[in-house]
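> make a model of this:
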Amino acid sequence: MKTESFGELSGQDWEDICNKLFHLRYKNYQEVPARYGGDYGIEGFTFDGDLFQCYSPKDEEFSSSSLYELQRDKITKDISKLIKNILEIKKLNRNVIIKNWYFVTPKYDSKNLLEHCRKKEQEVQDAISQHVTSDFKIILQIETSYIPEIGQLVNANISQIQSNSNDYNEEELQLISESHNEIVEKIKTKLSKLDSLKNNQDKLNRFTFSIFRYFIEGQEELSMLNKSYPDIYNKLSRLKNSIEKKVQQLSLIGIELKDLKTIQEDYKDSLEKDFMNVCETSLLENLAQEAIADWMARCPIDFE
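Prediction:
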């Protein structure tokens, strides 16, 4: 399943990331070995009465079921394991009364899942009330519930930020462009001044859309960074602004098509120098491409 911060992850990858996040947030978090945790319906626990389960559906599972159905069924299955194995679980956590069961998944998209959790809370109360608090809760958590801890992983170079942009096909891109017509026209107007494009409408259109693709995909990357990694986003913005000033100066004396590649490569080199330890290469490539498209959509790059 795709995540905002780590890109596409397998179920095991998600579990590994979650366990790292739990260790960062909960100082007495204990992992349960997989061969036992799977039987008990938990990944780990704290000695404060919290239980944790992680879940990220496999891509192939989406072909036959919705995200809600997959998550609902997983909760149902693991709560049944919790009820069945509560005495074994309490041997692990010093016989502490259970307060919360956390279900941690990249995202969920249905209020019905919340309603399902309320039903399962009552089921737990009916079955093992002597082992849980009177206000026992099933709590849904998603990727963005752990933004501070994700930032710690990245800053410690334990994990790299991965590309999060969508891979749009031409039809999807065409639909998006209709709501960004002003940007498309600005890019096209500037490109039409180039000798290699102004007399070839088909080539001009295709090149315009390639630049527009850079813009849309790069804006998605920036939005993700701003939301999940504000410190990195701010540092990136400062670097981009400093490069933009140089681009403005170049534009005053004239920029040619071949200069775009040079500007993009120079900016990517700067990105790699400052961010290679925290961002994967494909993300940096998208950010370098976005800068070219952004500068064309606004003012700095022109071919007059």
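> drop to CA atoms for contacts and neighbour counts, all remaining ones
OK.
> okay, now the unreliable bits of the stretch 101-250 of the chain?
Along the stretch 101-250 of the chain, segments meeting pLDDT under 70 span 157-158.
> quick one: the helices in it?
Secondary structure of the stretch 101-250 of the chain (DSSP state H, counting those that start in this stretch): helices at 111-128, 147-155, 170-178, 181-191, 195-198, 201-228, 230-253.
> Asn100 pairs with what?
Beta-bridge partners for Asn100, by DSSP bridges, are Asp50, Lys137.
> for it, give me its contacts.
Shown in contact with Asn100 (Cα atoms under 8 Å, 6 or more residues apart in numbering): Gly49, Asp50, Leu51, Phe136, Lys137, Ile138, Ile139.
> OK, contacts around the third one?
Meaning Leu51. The neighbourhood of Leu51, defined by Cα under 8 Å, 6+ apart, consists of Ile42, Glu43, Gly44, Phe45, Ile98, Asn100, Trp101, Tyr102.
> please redo it, this time with the cut-off set to 10 Å
By Cα atoms under 10 Å, 6 or more residues apart in numbering, the contact list for Leu51 reads 29-30, 41-45, 82, 89, 93, 98-103, 138.
> so what touches stretch 189-204?
For stretch 189-204, contacts defined as Cα under 10 Å, 6+ apart pick out 183, 185-186, 188, 205, 207-211, 255-257, 296-297, 301-304.
> want to throw the helices of the stretch 101-250 of the chain into a markdown table with mean neighbour count and distance to Leu21?
Formatted as a markdown table, these follow (neighbours: other Cα atoms under 10 Å; distance: least, Cα to Cα, whole Å):
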| stretch | mean neighbour count | distance to Leu21 |
| --- | --- | --- |
| helix 111-128 | 15 | 23 |
| helix 147-155 | 18 | 6 |
| helix 170-178 | 13 | 35 |
| helix 181-191 | 18 | 40 |
| helix 195-198 | 14 | 51 |
| helix 201-228 | 19 | 14 |
| helix 230-253 | 15 | 18 |
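> which of those sits closest to Cys279?
helix 147-155 (8.4 Å; Cα to Cα).
> got the angle for the closest one vs helix 230-253?
Interaxial angle of helix 147-155 relative to helix 230-253 (axes from the mean of the first three to the mean of the last three Cα atoms, to 10 degrees): 60 degrees.
> contact partners of helix 147-155?
Contact partners of helix 147-155, identified using Cα under 10 Å, 6+ apart, comprise 5-6, 17-18, 20-25, 143-144, 146, 156-161, 227-232, 277-279.
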